[in-house]
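Asks: Let me see the structure of the following:
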Amino acid sequence: MSLITLSAPYGAGGSQIGPAVAERLEVPFVDRAIPTGVAERLAVPLVEAVNRDESVGSWLTRALLSFGQVGPVLGGATPLPGQVVSDDAFRQATEEVLREHAAGAGAVILGRAGAIVLGDEPNALHVRLSGPVEARVAQGMRLERVDKATAERHVEGTDRAREAYVEHFYRRSARDAGLYHLVIDSTALALDVCSDLIVAAARARSH
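Replies: All right, here's what the predicted structure looks like:
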């Protein structure tokens, strides 16, 4: 079984490396399924949950909007009359989704503080992709085919929001190298080379 958590700021190539690694290891790539699963568990539209807290809401709505994941999720469920979703309920639902995937036949899980939530999984490999801001801007432009101003806005918004999510719920920094077994500058190495490194490390750790 291969279980990998992948932490990646904007422009680090997480959305490209994650699926490539999952395909080679023959396990699911888990990203879009996470907010969908959370919304289903809470029995509310996702927007109802993320708007409960500004730091959480800003992180998730910006991230989902950036990657085109909002539409079908936000319309998914009908809230119960008067229902209020707390921070802890949202965090717990997210953790349940992650642990459910971790209990299966393996997965590559992108984001959502996976290295912290699944830190006690003995065979898991925790990976952080990173790189200098300017290099991530350039790579984001290439991967998403956007102009420099758009990529710079995405770097600023998604970096701040994702880090706020981890700090808000777990009082840890997503940039803390101590959370990960492997930290890769994915702007200095080709994305397929990064995938090779992660696959090799995952296979070594699972034996």
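
Asks: I'd like the distance from the helix or strand containing residue 128 to the chain centre, please.
Replies: Per DSSP states H and E, residue 128 falls inside strand 125-130. The chain centre lies 11 Å from the centre of strand 125-130; the measure is C-alpha atoms, centre = their mean, to the nearest Å.

Asks: buried sites along the next helix or strand after it?
Replies: Following strand 125-130 in sequence order, the next helix or strand is helix 133-144 (DSSP H and E). Residues of helix 133-144 classed as buried: 135, 136, 137, 138, 139, 140, 141, 143, 144 (neighbour count, 16 or more other C-beta atoms under 10 Å). In short, each C-beta sits where N, CA and C put it, glycine included.

Asks: Can you point out the buried residues in stretch 171-185?
Replies: Residues 174, 179, 180, 181, 182, 183, 184 are the ones in stretch 171-185 that count as buried (16+ other C-beta under 10 Å).

Asks: for the record, mean pLDDT for that stretch?
Replies: Averaging pLDDT along stretch 171-185 yields 96.

Asks: neighbouring contacts of the helix or strand hosting residue 202?
Replies: Take DSSP H and E as the rule and residue 202 turns out to sit in helix 191-205. Helix 191-205 is contacted from outside by 2, 4, 6, 13, 16-17, 20-21, 24-25, 123-125, 127, 129, 181-182, 184, 186, 189, using C-beta atoms under 8 Å, 6 or more residues apart in numbering.

Asks: List the contacts of residue 119.
Replies: Contact analysis of residue 119 by C-beta under 8 Å, 6+ apart lists 126, 179.

Asks: How confident was the prediction at it?
Replies: Residue 119 is given a pLDDT of 95.

Asks: I'd guess it is in a helix, am I close?
Replies: No. Using DSSP: H, G, I helix; E, B strand; the rest coil, the assignment for residue 119 is coil, not a helix.

Asks: Would you mind giving both backbone torsions of it?
Replies: Backbone geometry at residue 119, expressed as degrees, to the nearest 10, gives phi -60, psi -20.

Asks: Could you give the number of residues near the closest residue to residue 189 other than its chain neighbours?
Replies: What sits nearest to residue 189 in space, not counting adjacent residues and going by C-beta to C-beta, 6 or more residues apart in numbering, is residue 197, at 7.7 Å. The number of residues packed near residue 197 is 17, by other C-beta atoms under 10 Å.

Asks: measure residue 197 to residue 116 for me?
Replies: Counting by C-beta to C-beta, to the nearest Å, the gap between residue 197 and residue 116 amounts to 22 Å.

Asks: the inter-axis angle of the longest helix seen in the chain versus helix 133-144?
Replies: Of all the segments of type helix in the chain, defined by DSSP state H, the longest one is helix 148-170. Per axes from the mean of the first three to the mean of the last three C-alpha atoms, to 10 degrees, the angle that helix 148-170 makes with helix 133-144 is 110 degrees.

Asks: ok, and the helix or strand in the chain with the lowest average confidence?
Replies: Ranked by mean pLDDT, DSSP states H and E, the helix or strand of the chain with the weakest confidence is helix 70-74, at a mean of 37.

Asks: Which strands and helices lie in contact with whichever helix or strand comes after that helix?
Replies: As assigned by DSSP H and E, the chain's next helix or strand after helix 70-74 is helix 87-102. With contacts taken as 3 or more C-beta pairs under 8 Å, 6 or more residues apart in numbering; DSSP states H and E, helix 87-102 sits against helix 33-42, helix 46-50, strand 107-110, helix 114-117, helix 148-170.
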